[in-house]
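**Q** Whatever this is, show me its structure:
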Amino acid sequence: MSLKDQITEDMKSAMRAKDSERLGTIRLLQAAMKQKEVDERITLDDAAIVAIVDKLIKQRKDSITAFEGAGRQDLADKEKAELSVLQAYLPARMSEAEILDAVKAIVAEVGAAGPGDMGKVMGVVKTRLAGKADMGQVSAAVKAALAG
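**A** From the prediction side, this is the model:
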């Protein structure tokens, strides 16, 4: 079953269970997917859907930080609930050690030798690790590998 079909099935089960919070989050995800399909005139594959989920998760994390900073715990809790629903659609993430190993291999492969080569390394890293790892952790690992 494709990820798109899984999301549709989850929406139907949330409707049956009258789980309005989960249903709202899934509908939000489906709207983002449909927007991408219409804008680019494409049919999304699993990798593109994972990229959309990643983007929505990043937005939720940013919102949680902002709401907690402003003392709005009620809104932060709502965002956390949405975040947990969205994370179910991500594939298993790489561990920190796996990210470091992959980054070191790519740095050696590209022949990067310093912070000036970060863009070159990140270009390769993004294509290989997109959807498999948190890009914030990947960026930190690349900086560490190029600094040392």
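**Q** avg pLDDT for the one helix or strand residue 66 maps to?
**A** Element membership of residue 66, judged by DSSP states H and E, is helix 46-69. Mean per-residue pLDDT for helix 46-69: 92.
**Q** name the helices or strands packed onto that helix?
**A** On a contact count with 3 or more CB pairs under 8 Å, 6 or more residues apart in numbering; DSSP states H and E, helix 46-69 meets helix 3-16, helix 20-40, helix 73-87. Every C-beta, even on glycine, is put in place using the N, C-alpha and C of the backbone.
**Q** Could you measure from residue 38 over to residue 31?
**A** As for residue 38, its distance to residue 31 is 10 Å (criterion: CB to CB, to the nearest Å).
**Q** At the geometric centre of the chain, which residue sits there?
**A** Ranked by distance to the mean C-alpha position of the chain (CA atoms, centre = their mean), the top residue is residue 54 at 1.8 Å.
**Q** Surely it touches residue 89?
**A** No: using CB atoms under 8 Å, residue 54 is not in contact with residue 89, being 9.7 Å away.
**Q** low pLDDT regions in this structure?
**A** Applying pLDDT under 70 to the chain flags residues 112, 131, 148.
**Q** which residues touch the residue of the chain most remote from its centre?
**A** No residue in the chain has its C-alpha farther from the mean C-alpha position than residue 113, which lies at 28.7 Å (CA atoms, centre = their mean). Listed by CB atoms under 8 Å, 6 or more residues apart in numbering, the contact set of residue 113 reads residue 146.
**Q** Same check on residue 79?
**A** Applying CB under 8 Å, 6+ apart, the residues near residue 79 are 60, 63-64, 67.
**Q** quick check, nearest of those residues to residue 142?
**A** residue 60 (24.2 Å; CB to CB).
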